[in-house]
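K.L.:
Sequence and predicted structure below; questions after.
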Amino acid sequence: MDLVIDLGNTNKKFALFNGGEIVELEQFPLLTLKNIRDFIHQNAGIENCILSSVIPHRSSLNRFLSEKLKFIELDEKTPVPVINKYRTPKTLGKDRLAAAVAGSNLFPGNDVLVINTGTCITYDFVNKNKEYLGGSISPGILMRFHALHTFTGKLPLISFHDQEILTGRDTRESILSGVLTGTIAEIEGITARYVQEYPDLKVLLSGGDQKYFDKRLKISIFAQPNIVLHGLQQILSFNVNHTK
């Protein structure tokens, strides 16, 4: 079995994979070495592990995992099952690369756009030749709410609500309309630009806000929860198989 650890900006996750499928998933605001120790102790049969982190973490975590398992930490030098054509691979978010790997694996031989709606909204494109070309990054929903509050004198901080408002009748509704309707328009607009260039494009949607967008976007999409975790597991399998 494979252990996948994803230390993101907001959530820290680890997932247990068996046969390429998630059989257990844990999520914490803060992931400690004790969490990992307990999880490995409770799940006999874990052989391989990959760690992906976009935040600083203790070196003791790496040492522990290296001692217990066949372990790799994803970085720009890690072999991956796509051709990475990003001009600055060292600055590429590991979650973005993992999402592109998973998208390419789901739709081999197709042009694929992966949209991940989390702290940021990321758009990552991999073509039918398995070449990762890059994409774009924009603020996620919560970041937009916080920006309006932080960088203005009087606009309140609005919490996310599962609403659909076009014309706001007060300040709260106007912010909700601007953020939520604007984000939907952004996603649909960027996707439309890609479809113009790649008519047979497959579009994958994932991330923490996936469910909100999934039922509102007027485009053809495939929902794929936990796409980053799946991509990380596929990178792990790729490396394990190539070192046998």
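P.N.:
All right, it came through fine.
K.L.:
Could you point out which residue ranges in the chain have low pLDDT?
P.N.:
Scanning the chain for pLDDT under 70 picks out the ranges 243-244.
K.L.:
Do a quick rundown of the strands in it.
P.N.:
Under the criterion DSSP state E, strands of the chain are mapped to 2-7, 12-18, 21-28, 48-53, 70-73, 83-84, 112-117, 120-126, 131-139, 202-206, 222-223.
K.L.:
Contacts only, for Leu113.
P.N.:
Gly103, Tyr123, Asp124, Phe125, Gly135, Thr191, Tyr194, Leu201, Lys202, Val203, Leu204 (C-beta atoms under 8 Å, 6 or more residues apart in numbering). Any C-beta I mention is one placed from the backbone N, CA and C, and that applies to glycine too.
K.L.:
wait, which of those is closest to Leu31?
P.N.:
Of all the contacts of Leu113, Leu31 sits closest to Asp124, with 24.4 Å by C-beta to C-beta.
K.L.:
Not counting its neighbours along the chain, what's nearest the closest one?
P.N.:
Gly135 (4.1 Å; C-beta to C-beta, 6 or more residues apart in numbering).
K.L.:
and that neighbour, how many residues sit next to it?
P.N.:
21 (other C-beta atoms under 10 Å).
K.L.:
what's the distance between it and Asn226?
P.N.:
According to C-beta to C-beta, to the nearest Å, Gly135 stands 19 Å off from Asn226.
K.L.:
per the record, what domains does the chain have?
P.N.:
Domain ranges of the chain: 1-73, 82-244, per automatic domain parsing.
K.L.:
Work out the gap between the last one and the centre of the chain.
P.N.:
Just to be clear, that refers to domain 82-244. In this view, domain 82-244 has its centroid 8 Å away from the chain centroid, taken as C-alpha atoms, centre = their mean, to the nearest Å.
K.L.:
picking that back up, redo the contacts of Leu113 as TSV? Include distance to Thr78.
P.N.:
Formatted as TSV, the contacts of Leu113 follow (distance: C-beta to C-beta, whole Å):
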residue	distance to Thr78
Gly103	18
Tyr123	22
Asp124	17
Phe125	20
Gly135	19
Thr191	29
Tyr194	27
Leu201	27
Lys202	25
Val203	26
Leu204	22
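K.L.:
before we move on, back to that, hey, which of the domains of the chain is tucked in deepest?
P.N.:
domain 82-244 (a mean of 17; mean count of other C-beta atoms under 10 Å).
K.L.:
returning to that earlier point: for the strands of the chain, give me CSV that also has distance to His230.
P.N.:
Output for the strands of the chain, formatted as CSV (distance: least, C-beta to C-beta, whole Å):
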stretch, distance to His230
strand 2-7, 9
strand 12-18, 8
strand 21-28, 8
strand 48-53, 12
strand 70-73, 16
strand 83-84, 18
strand 112-117, 11
strand 120-126, 14
strand 131-139, 16
strand 202-206, 9
strand 222-223, 13
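K.L.:
Do I have it right that the residue nearest to Asp124 meets Arg96?
P.N.:
Yes - counting by C-beta atoms under 8 Å, Gly135 touches Arg96, with 7.0 Å between them.
K.L.:
Overlap in contacts, these two.
P.N.:
In contact with both Gly135 and Arg96: Thr122, Asp124, using C-beta under 8 Å, 6+ apart.
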